[in-house]
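Student: Turn this into a structure:
(one chain, ligands or ions: 1)
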Amino acid sequence: MFRIAYVNGRYRPYREAAVHIEDRGYQFADGVYEVCEIRDGRLIDERRHMERLQRSLAALQMAAPMSAPALATVLRETVARNRVRNGLVYLQVTRGVARRDHAFPSAQTPPSVVVTARRLDRGRHDREAAAGVAVISVPESRWARVDIKSIALLPNVLAKQAAREQGAREAWFVDRDGRVTEGSSSNAWIVTAQNRLVTRPADQAILRGVARTVVFDVAKAHGLEVEERAFTIAEAYAAREAFMTAASQIVLPVVRIDGRPIGEGTPGPIASALRHDFHLYAEAS
Ligand code: PLP
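Tutor: Now for the predicted structure:
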């Protein structure tokens, strides 16, 4: 398929789309991003993703690259030009192109904006969810502000690679106290013996996932209680169920952690129900 990418005001053939070598995203990972699900041609939870984008930009003292309606148009146009009905739209904003110097460039430096869209195979994702996935644990090695959705993802990259090498889908970071923070690209959840959902509070130690927020609403509708507290990896091993959430995979049941089966070693009823009903509670626009 002939793909198109939006780069700094222009829609370019994907193969030719490029930013300058002095872009601060390339030089310093000085930028932020968002990934939004596209389902049946509509953006899922765009409002929350855009609100989080604003928070990430503000935390890095970056101005919005364009007005909210203009950005919404670019996202839609990129999705449309790539004819994506089910997939993801990716948005990246960096502090722009400037002579290499760690400190911020002049305030007049325009930010760089890149938007891409790609299709996802929903059938493959559903099959993966039906089988459940394996997770490994890795020591938390990230900086203290992972609540900012920055493009600086090296520890996440290394964690995901470690998972892949061990035949697992995701790596869960575990802090010095033995408590799970989150996955390398997802939030982590367990279900206790009392059928209570547990996930870490969204302080600075995790990214406040949009899918995580939606799951609070799905859980409420199912009469399930959510405890926002840190849980240990030992608690996760002994959990009735475990799962992870992210825009790209919604709710994905976890059936093994560090080689140990979770619950029955198959996707649990709660994770499966949350996945099934997710889009009843997400916003489509
Ligand atoms: N945590 C991390 C580190 C992530 O990278 C992501 C998504 O990419 C998430 C959590 C889940 O966030 P969301 O539900 O907004 O996709």
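Student: Determine the number of other residues adjacent to Asp40.
Tutor: Using other Cβ atoms under 10 Å, the number of residues around Asp40 comes to 10. Glycine gets a C-beta too; all of them are placed from N, C-alpha and C.
Student: next one: phi and psi at it?
Tutor: When read as degrees, to the nearest 10, the backbone of Asp40 gives phi 50, psi 40.
Student: ok, now which ones touch it?
Tutor: Counting by Cβ atoms under 8 Å, 6 or more residues apart in numbering, Asp40 touches Arg85, Asn86, Ala284.
Student: if I pick the nearest residue to the first one once chain neighbours are set aside, what's in contact with it?
Tutor: Translated: Arg85. Using Cβ to Cβ, 6 or more residues apart in numbering and skipping the chain neighbours, the partner closest in space to Arg85 is Gly41 (4.8 Å). Gly41 makes contacts with Val79, Val84, Arg85, as judged by Cβ under 8 Å, 6+ apart.
Student: which of these are buried?
Tutor: Buried by 16 or more other Cβ atoms under 10 Å: Val79, Val84, out of these.
Student: need the residues of the chain near the ligand, please.
Tutor: Residues of the chain lying near the ligand by Cβ under 6 Å from any ligand atom: 35, 156, 182, 185-187, 207, 209-212, 245-247.
Student: Identify those among these that sit within helices.
Tutor: When DSSP state H is applied, the residues of the chain next to the ligand are split such that Asn156, Val210, Ala211, Arg212 fall in helices.
Student: Ala152: what secondary structure?
Tutor: With DSSP: H, G, I helix; E, B strand; the rest coil as the basis, Ala152 sits in coil.
Student: For the stretch 51-200 of the chain, which segments are assigned as helices?
Tutor: For the stretch 51-200 of the chain, the helices defined by DSSP state H, counting those that start in this stretch cover 68-81, 122-131, 154-165.
Student: what mean pLDDT would you report for the first one?
Tutor: Mean per-residue pLDDT for helix 68-81: 98.
Student: and the nearest residue to Arg42 once chain neighbours are set aside, what does it touch?
Tutor: Closest residue in space to Arg42, ignoring its immediate chain neighbours: Ala284 at 4.2 Å, by Cβ to Cβ, 6+ apart. For Ala284, the contact set (Cβ under 8 Å, 6+ apart) comprises Arg39, Asp40, Arg42, Leu43, Ile44.
Student: before we move on, what about Asn156?
Tutor: Residues in contact with Asn156 (Cβ under 8 Å, 6+ apart) are Arg142, Ser184, Ser185.
Student: do the same with Gly167
Tutor: Residues counted as contacts of Gly167 (Cβ under 8 Å, 6+ apart) are Ala134.
Student: 10 Å instead, please
Tutor: Ala134, Ile136, Arg256, Gly259 (Cβ atoms under 10 Å, 6 or more residues apart in numbering).
Student: Ok, Ala168 next?
Tutor: With contact taken as Cβ under 10 Å, 6+ apart, Ala168 is in contact with Val133, Ala134, Val135, Ile136, Ser137, Lys160, Ala162, Val254, Arg256, Ile257, Asp258, Gly259.
Student: can you rerun that using 6 Å?
Tutor: By Cβ atoms under 6 Å, 6 or more residues apart in numbering, the contact set of Ala168 is Ala134, Val135, Ile136.
Student: show me where the stretch 1-150 of the chain has strands.
Tutor: Using DSSP state E, counting those that start in this stretch, the strands of the stretch 1-150 of the chain run over 4-7, 10-13, 31-39, 42-43, 87-94, 112-119, 133-139.
Student: buried ones in the last one?
Tutor: Yep, that's strand 133-139 we're talking about. Val133, Ala134, Val135, Ile136, Ser137, Val138.
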